[in-house]
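Asks: with the input below, show me the fold.
(one chain, ligands or ions: 1)
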Amino acid sequence: MTELTSFIAGLPKAELHVHHVGSASPRIVAELAARHEGASPVPADPVALADYFAFRDFAHFIEVYLSVVDLIRDDEDVRVLTFEVARELARQQVRYAELTITPYSSVKRGIPAKAFCEAIEDARRGAAAEFGVDLRWCFDIPGEAGLAAAEETLRIALDERPDGLISFGLGGPEVGVPRPQFKPFFDQARAAGLRSVPHAGETTGPQTVWDALRELGAERIGHGISAAQDPELLAYLAEHRIPLEISPTSNVRTRAVGSIEEHPLVTLVGAGVPVSINSDDPPMFGTTLEAEYAVAARLLDLDERGVAELAKAGVEQSFLDPAGKSALLAEIDAYSGRSA
Ligand SMILES: O=c1[nH]cnc2c1ncn2[C@@H]1O[C@H](CO)[C@@H](O)[C@H]1O
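Replies: Presented below is the predicted three-dimensional model:
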């Protein structure tokens, strides 16, 4: 381990963009597969699983993602998955995480919404007590499932309203899934006090990011990397302080970006756009949050101080309450002061 990687490992962090099912480690995938009978294309063996997680393109990634979603059959699976994801976050010194959860996919597969929400809330309480990690939920619409999914996701969010729910999102493919059609659902979610955090500009151009801002009232953008192609958009994001949730390895693994060297992070930061560093679907992309910080440090040529600033930016851009933010920012300062 280099000095910087060990600094990153100990650094208290916030994680703002990480998907629930996409965080299932090989051990959890094997455990889920073993819990139920039935054929699944998802291999339980870690080496075969790594091969299974080699994606030809974004559409293939979504197909594989949904095959892992299929492994989650009942509320106990949801409880185990969520609690184990929290364990891994805590191991990486994540103190606060906004986990993107897709209740629609599980409800459609037969888990009642109420039982689903109780399971994630049980895990949230357990994770706080056992690991000291504070979890919040972003309920996202799986874009490929269209307006029916939007309606159902909104209904679950508003009817169940689990304590940890803070935001409303939109994931999945962007090609053929225009953002503006989801405006009425985001309007209602925002009117009910949920924050707006759609994915946009991951696999399509800057117009999708404009749509997310103008039509969906986006307060942060998932990925948003194609903003780098539009100077006017970069200026807008910088001026209005709209952060982008960046996950460099994800973008390479889904082939949204050709290589890490071609990742637009440097352009985005150079334009003054606020960014946070996140892991997205870490085991599927063969990464961790720590590894993403190391990649960002390399791309942006950061030292310990710069990495600590990046961690603080994540906290500031989060939807944590002011007291929680101050405490976590102070913890980062204390850590980086000690390590300097
Ligand atoms: O990087 C990503 N971009 C978009 N959606 C993603 C990503 N990672 C996981 N999902 C998930 O894909 C599912 C199907 O729409 C959703 O559950 C979404 O949360």
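Asks: isn't residue 117 up against residue 157?
Replies: No: using CB atoms under 8 Å, residue 117 is not in contact with residue 157; the gap is 9.4 Å. Just so you know, the C-beta spots here come from the backbone N, C-alpha and C atoms, and that holds for glycine as well.
Asks: joint contacts of those two?
Replies: residue 103 (CB atoms under 8 Å, 6 or more residues apart in numbering).
Asks: show me which residues of the stretch 1-150 of the chain are close to the ligand?
Replies: Counting by CB under 6 Å from any ligand atom, the positions of the stretch 1-150 of the chain adjacent to the ligand are 19, 22, 62, 65, 100, 102, 105, 140, 142, 143, 144.
Asks: right, and the ligand sits closest to which residue of this protein?
Replies: Nearest to the ligand, among the residues of the chain, is residue 172, at 2.5 Å (CB to the nearest ligand atom).
Asks: what about residue 333, how many residues nearby?
Replies: The number of residues packed near residue 333 is 13, by other CB atoms under 10 Å.
Asks: how about it, secondary structure?
Replies: helix (DSSP: H, G, I helix; E, B strand; the rest coil).
Asks: now swap in residue 169 and tell me
Replies: Relying on three-state DSSP, one would call residue 169 strand.
Asks: tell me, how many residues neighbour it?
Replies: Residue 169: 29 surrounding residues under other CB under 10 Å.
Asks: for the remainder of this discussion, apply numbering that starts at 487.
Replies: Sounds good: first residue 487 from here, last item residue 655.
Asks: list the contacts of it.
Replies: Residue 655 sits in contact with 586, 624, 625, 626, 627, 683, 684, 685, 708, where contact means CB under 8 Å, 6+ apart.
Asks: isn't the first one up against residue 506?
Replies: What that stands for is residue 586. Yes: with contact defined as CB under 8 Å, residue 586 counts as touching residue 506 (6.4 Å).
Asks: which residues are in contact with both of the two?
Replies: Applying CB under 8 Å, 6+ apart, one finds that no residue jointly contacts residue 586 and residue 506.
Asks: ok so, going back, filter the contacts of residue 655 down to just the ones in strands.
Replies: Using DSSP state E, the members of those that fall in strands are 586, 624, 625, 626, 627, 683, 684, 685, 708.
Asks: mind giving me the PyMOL command for buried ones among those?
Replies: With 16 or more other CB atoms under 10 Å as the criterion, this PyMOL line picks the buried residues out of those:
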select buried, resi 586+624+625+626+627+683+684+685+708
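Asks: need the ones in strands among the contacts of residue 655 in TSV (columns: distance to residue 803 and pLDDT).
Replies: Converted to TSV, these look like this (distance: CB to CB, whole Å; pLDDT from 0 to 100):
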residue	distance to residue 803	pLDDT
586	15	98
624	13	99
625	19	99
626	18	98
627	22	98
683	10	98
684	15	98
685	16	98
708	12	98
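Asks: what pLDDT does the closest residue to the residue of the chain closest to the ligand other than its chain neighbours get?
Replies: Leaving out its chain neighbours, the residue that sits closest to residue 658 by CB to CB, 6 or more residues apart in numbering is residue 629, at 3.5 Å. Residue 629 is assigned a pLDDT of 98 by the prediction.
Asks: wait, residue 629 sits on residue 661?
Replies: No: the pair residue 629 and residue 661 fails to qualify as a contact (CB under 8 Å) at a distance of 9.6 Å.
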